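# can't give you the sequence, but here's the structure:
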């Protein structure tokens, strides 16, 4: 049993690779700090990206959404003068409506997610970090912004000064996440190459997560989302600079210090290996860029072998 | 200024004909007894049918929905195990979401309807009969059923024993309907060829409507939805039989007795004209079947001329 933590596109790609290799022996715990209510719908962008990726229906070009998606709803909404800054495809919309309906009927986000994944034929578990709402708020030069306003509407343009995770103190670890942590068969933890501040920090903020991860009896590794000083996708590098940190795999190692036994970095960053090792963790340099499912599967194999090595 | 009362498909067709002739000098008051909440959405089927018809984007084959509609949302919802008995097209869905969002934000159904109609380029007013919810309940051999369960899910198969209009005693005439009734320029009332029991009765049940219509100073006419003992579309004839009434234009005349000065019947029913006239109303026999926009416009012209004649 492997527990993976993931956020958006990069994390979802790697989670799909792990899922190809591990099948039902994988639980992917997903950030829900990006979740929001929009047009009356409960939208969980990271859960959807992971779910679509594991189901193999994700759009590989955009990284988010469903392959072959259509936009008739959006076109009509625009004609009616509705809000169109957050793009909702016709099929994607079915997920949001069904989730919203089931949550309103009293089901937990964990239960709804499990049901949707089963319907999409996913083996392995996908779980929200918590069933209670946690909402990432971005402190910026434009004031405090709800996450999707910052991320989608304003395209990450405001300067980020800090983050606040609204609701986190009252959140509880979701039942599938707790079950994964307590599983006697748990063999390791993989933190996927997601944005540490936006995707992994919200998970760490759920009370009990940090303690549980630090007290684990199995090795944990992370895959650096920074390659050659740049983020493969998304604003991770920009955010690191705005927070006064150098965008580098070394800084990623510092972020995860105490939480992981090993860091996977890209071949391009091999020269940083001694410095990272100097922090007190193992380093694996390999190809981390995933341009295809084959890349994601290869990275999954490398990570699982690395975990195996760390168990010895 | 002409005030028209309408329900579903037949009523919407005629309303579109009147709108072609009258433009902004028309207010169409629409039944909202069919409205319901489904998948968390506020759906107003008759308002939408009238709106789409007046905007010229209606599907002329089905009578409901939007021409050229796509069904990607519905296909995905089916895959996810959601409820699919009420068909929601991708574009149609934009109307339901936008209406639901605006109602939740505190706008009245009248205001939302006016805004949507403006966006769709409709001249003339379309208004709900009331801004308060009225819900048609069908007393049947299967017990009391919410209207859409009876009408769509069960395809009108249960035997109808009676109707109840939940919420009607607390409903108020909508502001645009009240304005139309009070308009000094009001020249006549046209009751479109809609199902009297399912589409017109809910309007009559709104407190004040019956009194206002009976106290009017202008002529009112109705167009019979029954032609040659059959309904052009929908369950009107079946319902009349189940209520122990003969499906005929004469029975339609009896239903509207006291409320109208003249009844428009189809040429096919011309032999009933003397009996209808014997009830104390004028009769116009003409072609009432609308197979095209030209038919609807022709019927509108005949009705307006009939009203003119009754004003003398």
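Done, it's in. These numbers come from a predicted model, not from an experiment.
# would you point out the helix or strand in chain A whose mean pLDDT is lowest?
strand A:230-231 (a mean of 90; mean pLDDT, DSSP states H and E).
# list the contacts of the helix or strand just after that one.
Going down the chain from strand A:230-231, the next helix or strand is helix A:236-242, by DSSP states H and E. Outside of helix A:236-242, the residues within contact range by C-beta atoms under 8 Å, 6 or more residues apart in numbering or on different chains are A:156, A:159-161, A:195-198, A:225-226, A:229-231, A:246-247, A:251. Every residue, glycine included, has its C-beta placed from N, CA and C.
# before we move on, the earlier item: the least confident helix or strand of chain A: how far from the chain's middle?
The chain centre lies 16 Å from the centre of strand A:230-231; the measure is C-alpha atoms, centre = their mean, to the nearest Å.
# cool, stretch A:145-153 as well?
In terms of C-alpha atoms, centre = their mean, the centre of stretch A:145-153 is found 17 Å from the chain centre.
# what average pLDDT does that stretch get?
Average pLDDT, stretch A:145-153: 94.
# show me which residues of it are buried.
A:145, A:146, A:147, A:148, A:149, A:150, A:151, A:152 (16 or more other C-beta atoms under 10 Å in any protein chain shown).
# need these in JSON lines with distance to residue B:18 and secondary structure, can you?
Formatted as JSON lines, the buried residues of stretch A:145-153 follow (distance: C-beta to C-beta, whole Å; DSSP: H, G, I helix; E, B strand; the rest coil):
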{"residue": "A:145", "distance to residue B:18": "49", "secondary structure": "strand"}
{"residue": "A:146", "distance to residue B:18": "47", "secondary structure": "strand"}
{"residue": "A:147", "distance to residue B:18": "50", "secondary structure": "helix"}
{"residue": "A:148", "distance to residue B:18": "45", "secondary structure": "helix"}
{"residue": "A:149", "distance to residue B:18": "45", "secondary structure": "helix"}
{"residue": "A:150", "distance to residue B:18": "50", "secondary structure": "helix"}
{"residue": "A:151", "distance to residue B:18": "49", "secondary structure": "helix"}
{"residue": "A:152", "distance to residue B:18": "44", "secondary structure": "helix"}
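# just name the closest of the residues you listed to chain B, please.
Nearest to chain B, judged by C-beta to the nearest C-beta, of those is residue A:148 at 16.0 Å.
# is residue A:119 in contact with residue B:79, as I believe?
Yes: using C-beta atoms under 8 Å, residue A:119 is in contact with residue B:79, at 6.3 Å.
# follow-up on the earlier one: elements contacting the least confident helix or strand of chain A?
For strand A:230-231, the elements it packs on are helix A:236-242, judged by 3 or more C-beta pairs under 8 Å, 6 or more residues apart in numbering or on different chains; DSSP states H and E.
# quick check: what element follows the helix it packs on along the chain?
helix A:249-255.
# tell me what that next one is packed against?
Applying 3+ C-beta pairs under 8 Å, 6+ apart, we find helix A:249-255 packed against strand A:226-227, strand A:262-266, helix A:273-278.
# so what touches it?
Contacts to helix A:249-255, defined as C-beta under 8 Å, 6+ apart, come from residues A:196, A:222, A:224-227, A:240, A:245, A:263, A:265-266, A:269, A:272, A:275-276, A:279, A:281.
# likewise for stretch A:164-182?
With contact meaning C-beta under 8 Å, 6+ apart, stretch A:164-182 is reached by A:1, A:3, A:27, A:29, A:33, A:108-110, A:114, A:125, A:127-137, A:139, A:144, A:186, A:201-202, A:205-209, A:212-213, A:216.
# distance of residue A:200 from residue B:40?
32 Å (C-beta to C-beta, to the nearest Å).
# give me the number of residues near the closest residue to residue A:20 other than its chain neighbours?
Distance criterion C-beta to C-beta, 6 or more residues apart in numbering or on different chains; nearest residue to residue A:20, sequence neighbours excluded, is residue A:297 at 5.0 Å. Using other C-beta atoms under 10 Å in any protein chain shown, residue A:297 has 18 neighbouring residues.
# number of residues surrounding residue A:85?
Neighbour count for residue A:85, taken as other C-beta under 10 Å: 11.
# excluding its backbone neighbours, what's nearest it?
residue A:153 (4.8 Å).
# again with residue A:280
Nearest to residue A:280 is residue A:257, by C-beta to C-beta, 6+ apart, at 7.6 Å.
# secondary structure element holding the one you found?
For residue A:257, there is no host helix or strand (DSSP H and E).
# buried residues, the longest helix belonging to chain A. List them.
Scanning chain A for the helix with the most residues, using DSSP state H, yields helix A:293-311. Neighbour counts over helix A:293-311 (16+ other C-beta under 10 Å) mark A:295, A:296, A:297, A:298, A:299, A:300, A:302, A:303, A:304, A:306, A:307, A:310 as buried.
# the fourth one and residue B:36, how far apart?
Remark: distance between residue A:298 and residue B:36 (C-beta to C-beta) = 52 Å.
# outside of stretch A:144-157, which residues touch it?
Outside stretch A:144-157, the residues that reach it (C-beta under 8 Å, 6+ apart) are A:33-34, A:36, A:38, A:45, A:85-86, A:135-138, A:140, A:142, A:158, A:160, A:164, A:198, A:234-235, A:238-239.
# residues in contact with the residue in the stretch 201-312 of chain A positioned nearest to chain B?
Scanning the stretch 201-312 of chain A for the residue nearest chain B gives residue A:293, at 21.6 Å (criterion: C-beta to the nearest C-beta). By C-beta under 8 Å, 6+ apart, the contact set of residue A:293 is A:16, A:17, A:20.
# hang on, the earlier thing: look at residue A:200 and residue B:40 and report which has more neighbours.
A direct count of neighbours by other C-beta under 10 Å for residue A:200 and residue B:40 places residue A:200 higher, at 25 against 18.
# hang on, the more buried one packs against residue A:194?
Yes: at 5.7 Å, residue A:200 counts as touching residue A:194 under the criterion of C-beta under 8 Å.
# spit out the residues that contact the two alike.
A:5, A:7, A:31.
# which one of those residues is nearest residue A:101?
residue A:31 (23.0 Å; C-beta to C-beta).
# hang on, the earlier thing: dump the helices and strands packed on helix A:249-255 into a markdown table; add mean pLDDT, distance to chain B and mean neighbour count as well.
Below are the helices and strands packed on helix A:249-255 laid out as a markdown table (pLDDT from 0 to 100; distance: least, C-beta to the nearest C-beta, whole Å; neighbours: other C-beta atoms under 10 Å in any protein chain shown):
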| stretch | mean pLDDT | distance to chain B | mean neighbour count |
| --- | --- | --- | --- |
| strand A:226-227 | 95 | 35 | 24 |
| strand A:262-266 | 98 | 35 | 25 |
| helix A:273-278 | 98 | 43 | 15 |
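# residue A:73 is nearest to which of these?
Short answer: strand A:226-227, nearest of the helices and strands packed on helix A:249-255 by C-beta to C-beta, at 36.5 Å.
# who does the closest one pair up with?
The pairing partners recorded for strand A:226-227 under DSSP bridges are strand A:230-231 (antiparallel).
# what's the strand it pairs with in contact with?
The contact list for strand A:230-231 (C-beta under 8 Å, 6+ apart) reads A:195, A:225, A:237, A:238, A:247.
# swap in 7 Å and give it another go.
For strand A:230-231, contacts defined as C-beta atoms under 7 Å, 6 or more residues apart in numbering or on different chains pick out A:225, A:237, A:247.
# and the residue lying closest to residue A:56 once chain neighbours are set aside, how many neighbours does it have?
Nearest non-adjacent residue to residue A:56, counting by C-beta to C-beta, 6+ apart: residue A:16, 7.6 Å away. By the criterion of other C-beta under 10 Å, residue A:16 has 25 neighbours.
# residue A:16 in helix, strand or coil?
Classification of residue A:16 by DSSP: H, G, I helix; E, B strand; the rest coil places it in helix.
# surely residue A:92 meets residue A:68?
No: with contact defined as C-beta atoms under 7 Å, residue A:92 does not reach residue A:68; the gap is 11.5 Å.
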